[in-house]
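>>> Here's my sequence, what's the structure:
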Amino acid sequence: MISNKSQSSPSILQGDGYIYSVRQNRIDVVNEIIAKIASLDRKFFEYKGDVSKIFQRHGRLYMFNEYNKKDMCLSTKYGRKPTGFTHGGTLWGLTKDFKEFIVSGKKSNGENGYGGLYCSHWGYSSESMEEIRETAKVLGYL
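Presented below is the predicted three-dimensional model:
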């Protein structure tokens with residue numbers, strides 16, 4: 001996947017030779033974490049084989065909702081859930097953490113409520129939660 005290079009985001013060279021913007025690189029990291037979450041236990045962010053993904057459109061962050069197949073802008077008034085977001089508050093808090101990481105590069109896990117990837121009430125097994133956290137650590141999110 002090659003993104004359009006914008007003037008405001010510097011680029012880095014990836015191992016496969018493609019040039020990605022720094023923001024696109026962070027989006028790829030977050031999408032790998034979402035895919036890991038979707039592959040385990042309760043399969044949050046997954047529905048009938050479709051998995052949520054975050055992407056850029058015209059400089060804004062959007063999320064594809066796997067359940068209703070809609071693209072939702074993640075920039076919302078007062079940080080409210082976007083229309084069409086079919087998950088609860090815990091996953092909205094996590095999504096806001098993901099958005100903050102993509103935009104700023106700062107590790108924001110748990111700063112938008114519910115403990116982020118360290119949340120203890122997802123209903124996932126402790127082994128699955130550790131697998132998700134380990135993936136996030138390897139990718140540089142945690």
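
>>> quick one: low-confidence parts of the chain?
Scanning the chain for pLDDT under 70 picks out 1-20.

>>> could you point out the longest helix in it?
helix 22-39 (DSSP state H).

>>> which one is the residue most central in space within the chain nearest to, not counting chain neighbours?
For the chain, the residue nearest the mean C-alpha position is residue 30 (3.9 Å; C-alpha atoms, centre = their mean). With C-beta to C-beta, 6 or more residues apart in numbering as the criterion, residue 30 has its nearest non-adjacent residue at 4.5 Å, and that residue is residue 98. C-beta coordinates here come from the backbone N, C-alpha and C atoms, glycine included.

>>> So the one you found: helix, strand or coil?
helix (DSSP: H, G, I helix; E, B strand; the rest coil).

>>> can you tell me which residues contact it?
Taking C-beta atoms under 8 Å, 6 or more residues apart in numbering as the criterion, residue 98 is in contact with 30, 33, 34, 54.

>>> re the thing from before, and after the longest helix of the chain, which helix or strand comes next?
On the C-terminal side of helix 22-39, the closest following helix or strand by DSSP states H and E is strand 46-47.

>>> Not counting its own residues, what contacts that following strand?
38, 39, 52, 66, 67.

>>> before we move on, the earlier item: and the residue nearest to residue 30, how close does it get to residue 117?
10 Å (C-beta to C-beta, to the nearest Å).

>>> Mutual contacts of these two, please.
In terms of C-beta under 8 Å, 6+ apart, residue 98 and residue 117 are both contacted by the residues residue 33.

>>> Now do the helices in this structure.
Taking DSSP H, the helices of the chain run over residues 22-39, 89-104, 126-138.

>>> Could I get the ones you listed in TSV, plus columns for distance to residue 76?
Listed next are the helices of the chain as TSV, based on distance: least, C-beta to C-beta, whole Å:
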stretch	distance to residue 76
helix 22-39	18
helix 89-104	9
helix 126-138	24
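
>>> out of those helices, which comes closest to residue 45?
Nearest to residue 45 among the helices of the chain is helix 22-39; the distance by C-beta to C-beta comes to 4.4 Å.

>>> which helices and strands sit right next to the closest one?
Secondary-structure packing of helix 22-39 (3 or more C-beta pairs under 8 Å, 6 or more residues apart in numbering; DSSP states H and E): strand 11-13, strand 50-51, strand 53-57, helix 89-104, helix 126-138.
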